[in-house]
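> Structure of the sequence below:
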Amino acid sequence: MFQDSLLIFDIDGTLLQTDTVTVPAVQQAFREYGLEEPTKEAICYFFGKPVEDYENWMASLSSPEQAAEVVAHANALELQCMRQRGILYPGTFESIRHLHELGFGMAICSNGPEPYVAEFVDAHGMAPFFETVYARGNRYKDKTEMVGLILEKHRPARFAVIGDRHDDIEAALNHGGTGIAAAYGFGNEEEHRLAHCILQSIGELPDWLIAHWKN
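As a prediction, this is how the structure comes out:
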């Protein structure tokens, strides 16, 4: 029924409770370098933003001599935390598996760097469900560009982008697709204003798609 349909998922704030990974990693790195720990709120502000903005912010909180080491250490700890402490949003694995069983094609489109995205896919058993995985890092201009490349590869009859930030919704709309907002993530109402659907939990997604895309 849905073999001609493609779902493109963000990771942070959509599939993964990123605060369970990035917050402890950054705070530990700063502690180990004798620096004042950033607050959870300060760290979470950068979720969903370009990785260079996040890393430049971390660097700005340490001395020029330490900056590169602090950022690299925080990133390494983040990969450890992904496997040891990372938590998916409730119902994520079950919903993704259900969508896969329904025949949807699925892809990942994340602002994160490649090692982070690859670790997420491996640590949380997502590889069987996602044929295509794009990590922005510093390679691509924005999510609109990445979504365009994913669409060129799959050429679906219809598609949706599911994410918690404005650039997810904009990427969908810029290519004539459906924007689905994850309101349970780190975005806000203004970022979701143009979304076709607003989810309060990822578990709502299969039923919404069945109801609206069954024909």
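> Next one, pLDDT for R139 please.
According to the prediction, R139 has pLDDT 85.
> and it, how many neighbours?
11 (other CB atoms under 10 Å). For glycine as for every other residue, the C-beta is placed from the backbone atoms N, C-alpha and C.
> What of D122?
If we define neighbours as other CB under 10 Å, then D122 has 12 of them.
> Which element, helix or strand, includes it?
Assigned by DSSP states H and E, D122 belongs to helix 114-123.
> what does that helix contact?
Around helix 114-123, the neighbours that count as contacts under CB atoms under 8 Å, 6 or more residues apart in numbering are 11, 15-16, 75, 78-79, 82-83, 86, 108, 110, 112, 126-127, 130, 133, 135, 137.
> Just the buried residues of it, please?
Y116, V117, A118, E119, F120, V121, A123 (16 or more other CB atoms under 10 Å).
> I'd like these laid out as TSV, including pLDDT and distance to V21.
Below are the buried residues of helix 114-123 laid out as TSV (pLDDT from 0 to 100; distance: CB to CB, whole Å):
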residue	pLDDT	distance to V21
Y116	94	9
V117	96	12
A118	96	14
E119	97	9
F120	97	9
V121	97	14
A123	96	10
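> could you point out where this protein is predicted with low confidence?
Applying pLDDT under 70 to the chain picks out residues 215.
> got the contact list for the longest helix along it?
For the chain, the helix with the greatest residue count under DSSP state H is helix 67-84. The contact list for helix 67-84, computed with CB under 8 Å, 6+ apart, reads 20-22, 24-26, 28-30, 32-33, 35, 55, 58-62, 113, 115-116, 119-120, 123.
> Going C-terminal from it, what's the next secondary structure element?
Counting by DSSP H and E, what follows helix 67-84 is helix 92-101.
> Would you mind pulling the contact partners of that following helix?
By CB under 8 Å, 6+ apart, the list of residues contacting helix 92-101 reads 7, 15-16, 106, 124-126, 128-129, 202-203, 205-206, 209.
> can you give me how far that helix is from the chain middle?
Computed by CA atoms, centre = their mean, to the nearest Å, the chain-centroid distance of helix 92-101 equals 17 Å.
> how about that helix: buried residues?
In helix 92-101, the ones that count as buried by 16+ other CB under 10 Å are T92, F93, S95, I96, H98, L99.
> Filter the contacts of helix 67-84 down to the buried ones.
Buried among those (16+ other CB under 10 Å): 20-22, 24-26, 28-30, 35, 55, 58, 61-62, 113, 116, 119-120, 123.
> what about the helices in the chain?
Under DSSP H, the chain gives helices at 22-32, 40-44, 51-60, 67-84, 92-101, 114-123, 143-154, 166-174, 205-213.
> Export these as a markdown table, with columns for distance to M1.
As requested, the helices of the chain are arranged in a markdown table below (distance: least, CB to CB, whole Å):
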| stretch | distance to M1 |
| --- | --- |
| helix 22-32 | 37 |
| helix 40-44 | 38 |
| helix 51-60 | 37 |
| helix 67-84 | 34 |
| helix 92-101 | 11 |
| helix 114-123 | 26 |
| helix 143-154 | 17 |
| helix 166-174 | 21 |
| helix 205-213 | 9 |
